[in-house]
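*Asks:* pasting the sequence and the predicted coordinates here, then a few questions.
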Amino acid sequence: MNQELSPEQTDYIRRLARRYVQFRKSGSIDVDDLISVASVRWWQFCVRHPELSDERVIQVCFYQQVKGAMRDILRDSSPVKVTRTMQARMQAYQRPYTVELDSLIDIQAGEEHRDLDQWMDIVASLKKLPEREQIVLSLYFERDLNFSEIAKVLDLSVSTITRIYRRALDTVREDIAGHNYGEKKRSI
């Protein structure tokens, strides 16, 4: 089998690459990248299967290898424009934002903090929550998303998000209710 591309094959690869780049609008892949990926994949196929001699089989294999190579590389590339919904979804799948306790407490010299123990217990209770509840609370309080936006991000219903939110707050309330903080009783 000939490893060199014929003019018809080269023309096909170029047309297909232009079409894929036009539809994908990828920020990291261009026509030349797709042409080289397809050419390398075809060359590798020819090296692995030198015994093929039937022109019809070679042609079918050529189309499969070229399309497969281009689809693989495009699937792994990122699009130029990422919608806000997609950005929110990508952020939601990251672990909840965490900071060190020292920066959360923000103690300054000379200030008197009466509720420092309570604050430490709240932070510890939040860390004990399941990851899904931490994500909902993080998106609500830190990212300022409302329940319907959080529902879109996590692909859940608004009622499910509301239930998760309430369960998380109830868990934190119950966890810190067992501690005695003096006369003042604060609510979360």
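*Replies:* In hand now; what should we look at? Residues are numbered from 1 along each chain as shown.
*Asks:* buried stuff in the host helix or strand of residue 153?
*Replies:* Assigned by DSSP states H and E, residue 153 belongs to helix 147-154. For helix 147-154, a neighbour-count test (16 or more other Cβ atoms under 10 Å) marks 147, 149, 150, 151, 152, 153, 154 as buried. From N, CA and C alone the C-beta is placed, and that goes for glycine too.
*Asks:* for the fourth one, which residues are in contact?
*Replies:* What that stands for is residue 151. Residue 151 makes contact with 157, 158, 160, 161, according to Cβ atoms under 8 Å, 6 or more residues apart in numbering.
*Asks:* neighbours of the last one, how many?
*Replies:* Applying the criterion other Cβ atoms under 10 Å, we find 23 residues in the vicinity of residue 161.
*Asks:* what's the pLDDT at it?
*Replies:* Residue 161 carries a pLDDT value of 92.
*Asks:* give me every residue that touches it.
*Replies:* 136, 147, 150, 151, 154.
*Asks:* these two touch, right, the last one and residue 135?
*Replies:* So that's residue 154. Yes - using Cβ atoms under 8 Å, residue 154 makes contact with residue 135 at a distance of 7.3 Å.
*Asks:* the strands in the chain, which residues?
*Replies:* Using DSSP state E, no strands are found in the chain.
*Asks:* per-domain residue ranges of it.
*Replies:* Listed by automatic domain parsing, the domain ranges of the chain are 7-76, 85-177.
*Asks:* show me where the chain has its helices.
*Replies:* Ranges of helices in the chain, per DSSP state H, are 7-24, 31-48, 55-76, 84-92, 101-105, 116-128, 131-137, 147-154, 158-177.
*Asks:* one step back: ok and the helix holding residue 153 relative to helix 158-177, angle-wise?
*Replies:* Angle of helix 147-154 versus helix 158-177, following axes from the mean of the first three to the mean of the last three Cα atoms, to 10 degrees, is 100 degrees.
*Asks:* just the mean pLDDT for helix 147-154, thanks.
*Replies:* Computed over helix 147-154, the mean pLDDT rounds to 86.
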